[in-house]
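# quick one, structure for this:
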Amino acid sequence: MKNPMTFALAEASRATAWTLLGLSLTAASEAAEPTPAREVITPTDAAAAQALNLSAQRGSLRFLGLDLFPRFGSSVRYDNNILIAPANGLGDVIWSLSPALAVTAGDLGLYLPASASLSQLRAMLAYGLIDDENQPQRFIGVEYQPDFNLYTEHSEFNYVNQTALFSAGYRLSRLSLALDQDYRHATTKSTSAGSLSTTDDFETRLHGRYQLTDKTFFEANGRYENLSYTEANLSGYQEVRGEGWFNRLVTANLTLGAGGVLGYLTPQRYLAQPYEQLLLRGTFRASEKLAAQASTGLEWRQFEGNQPNALNPVFSVSGIYRPTFNTVFTLEVHRRELPSPTSAQNYTQAGVNAGLRQMLFNRLAVGVSGGFDNLAYHAGTTARGPQRNDNLISAGLDISREFHRRWTASLFYTYTKDDSNVPTSDYGNSIVGLRIEWRY
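Next up is the predicted model:
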């Protein structure tokens with residue numbers, strides 16, 4: 001007989017699955033995006049999330065006490081502007097092959113009703129509908145995924161992306177510790193660069209939590225990131241960030257917290273930027289239907305050299321609403337400061353993303369998504385000149401069908417439009433395609 005707690009956790013995982021589906025729609029293709037922001041939870045593999053709606057009673061592949069989650073994806077898509085040019089865009093048909101394997105140990109098997117990526121697992125634990133008390137006590141996981149992309153007519157643009165992930169966590173009676181280590185080699189469209197660009201991104205994240213009383217807990221997080229570009233004309237950066245929080249459970253569903261951040265950003269080709277943030281945040285969970293979290297505050301950023309210091313608001317809001325088992329709404333709002341890869345500038349990214357995922361006829365799912373971002377560039381040094389301002393609009397449609405328990409097929413369409421005050425940065429981009437995925 002199935003253990004009641006295990007069954008409840010599996011059901012919570014299934015609920016979270018629809019959350020991940022909604023959040024991941026905009027990543028269904030290689031539509032151009034600004035520099036990725038790690039604070040936004042958007043699982044990179046939309047098709048992989050499909051499998052999380054499978055039966056909670058299905059077990060993983062076991063070997064020597066490990067849970068193995070193999071999967072394989074293949075897609076074909078037509079991209080009408082592969083270089084996101086402002087005019088006379090170059091189109092092509094692109095073929096992709098994406099084998100992957102995630103290996104976990106510990107008690108994660110209770111939480112995964114079917115094969116899942118490590119990124120989805122992280123999102124489930126951090127932003128899902130599973131409450132803190134029912135999350136895993138100990139786990140360790142690794143994942144590797146190459147992504148082969150072949151152009152039909154323009155083979156000079158062929159590329160192979162690679163992703164290697166590591167996660168580990170351990171919970172004692174009062175203390176919880178976790179570590180994430182990521183490496184990503186990726187060729188993507190960069191709105192800031194205005195074309196395809198290739199990055200190597202190393203990121204380390206540390207998480208710590210100490211339960212002081214039944215209603216109060218401390219939290220400390222650290223992050224180090226080193227991002228570099230293969231293209232000689234683009235500039236990467238290094239960033240070190242530490243944050244501390246004091247949190248209190250106000251009601252059974254509401255947790256409020258106050259905290260601060262110390263950070264140091266070192267762009268490759270211009271002056272360093274130490275910064276501090278004072279923040280307030282709240283997390284709200286109401287049974288299995290509604291979850292939301294928000295943080296807001298002020299950032300004080302200093303620029304080495306003669307550039308004036310800046311005091312700006314920062315905020316992030318994300319929410320999940322699941323009125324029925326088959327329907328999920330998601331909403332995410334943000335404002336943050338990022339370094340530009342093309343010049344001695346930062347840009348402020350402020351925007352909103354929303355999604356709706358609806359299950360139809362048991363195995364057919366339809367999702368729509370949309371987003372808007374304003375990218376306001378401003379000098380990070382004493383350099384002066386016209387300041388670029390972009391309005392980035394995106395929309396997506398995804399129709400998915402599960403076949404024979406382990407196979408999923410998806411039709412998808414995405415549209416991206418950049419309206420910039422710099423004419424050479426304007427572009428429009430449409431992508432339509434078919435994706436097929438198998439998973440154990």
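# contacts only, for P323.
Listed by CB atoms under 8 Å, 6 or more residues apart in numbering, the contact set of P323 reads 289, 329. C-betas here are computed from N, CA, C, even on glycine.
# what's the distance between it and R357?
Using CB to CB, to the nearest Å, we find P323 at a distance of 12 Å from R357.
# go on, R322?
9 Å.
# which one's more surrounded, those two?
More crowded of R322 and R357, by other CB atoms under 10 Å: R357, with 27 against 22.
# ok so that one is a helix residue?
No. Counting by DSSP: H, G, I helix; E, B strand; the rest coil, R357 is not found in a helix; it is strand.
# hang on, isn't it packed against L397?
No. Under the criterion of CB atoms under 8 Å, R357 makes no contact with L397, lying 11.5 Å away.
# name the next helix or strand downstream of the worst-scoring helix or strand of the chain on mean pLDDT, please.
Lowest mean confidence among the helices and strands of the chain (mean pLDDT, DSSP states H and E): helix 46-49, at a mean of 32. Note on helix 46-49: by DSSP states H and E, the next helix or strand toward the C-terminus is strand 61-63.
# sheet partners, orientation included, of that next one?
Using DSSP bridges, the strands paired with strand 61-63 in its sheet are strand 66-79 (antiparallel).
# next one: phi and psi at E156?
phi -60, psi -20 (degrees, to the nearest 10).
# which parts of the strand or helix carrying S318 are buried?
Per DSSP H and E: S318 is located in strand 310-324. Within strand 310-324, the residues that count as buried by 16 or more other CB atoms under 10 Å are 310, 314-322.
# show me the shaky parts of the stretch 251-400 of the chain.
In the predicted model of the stretch 251-400 of the chain, residues 379-386 satisfy pLDDT under 70.
# now the stretch 51-200 of the chain
Where the stretch 51-200 of the chain drops to pLDDT under 70, the residues are 51-60, 107-116, 121, 123-136.
# how about the helices of this protein, start to end?
Along the chain, the segments classed as helices by DSSP state H run 4-23, 46-49, 118-127.
# hmm, back to that, out of the buried residues of strand 310-324, which one sits closest to D147?
Distances from D147 to the buried residues of strand 310-324, taken as CB to CB, are shortest for S318 (26.3 Å).
# ok, for the closest one, nearest residue in space, not its chain neighbours?
E332 (4.6 Å; CB to CB, 6 or more residues apart in numbering).
# what's the distance between that neighbour and Y413?
21 Å.
# and those two? Which one has more around it.
For E332 and Y413, the more surrounded residue by other CB under 10 Å is E332, and the numbers stand at 20 against 16.
# test my guess that that one contacts N353.
Yes. With contact defined as CB under 8 Å, E332 counts as touching N353 (4.6 Å).
# how about the nearest residue to E153, chain neighbours excluded?
D92 (5.3 Å).
# nope, N326 is what I was after
Spatial nearest neighbour of N326, chain neighbours left out: M359 (3.6 Å); criterion: CB to CB, 6+ apart.
# from Q181, how far out is that neighbour?
To Q181, M359 is 35 Å away according to CB to CB.
# higher neighbour count, the two?
Using other CB under 10 Å, the more surrounded residue of M359 and Q181 is M359, with 19 against 15.
# wait, that one sits on I399?
No. Assessed by CB under 8 Å, M359 is found out of contact with I399, at 11.7 Å.
# what touches both of these two?
Counting by CB under 8 Å, 6+ apart, the common neighbours of M359 and I399 are A365.
# and T330, what are its bridge partners?
Counting by DSSP bridges, T330 is bridged to I320, G355.
# surely it touches V368?
No. With contact defined as CB under 8 Å, T330 does not reach V368; the gap is 11.1 Å.
# which neighbours do these two share?
Any residue near both T330 and V368 by CB under 8 Å, 6+ apart counts here, and that gives 355-356.
# higher neighbour count, these two?
Neighbours around T330 and V368, counted as other CB under 10 Å, are more numerous at T330. The numbers are 27 against 15.
# distance check, the more buried one against V317.
According to CB to CB, T330 stands 11 Å off from V317.
# with S394 instead?
To V317, S394 is 18 Å away according to CB to CB.
# neighbours of W245, how many?
Per other CB under 10 Å, the neighbour tally for W245 reads 19.
# that one: what's it in contact with?
218-221, 257-259, 281.
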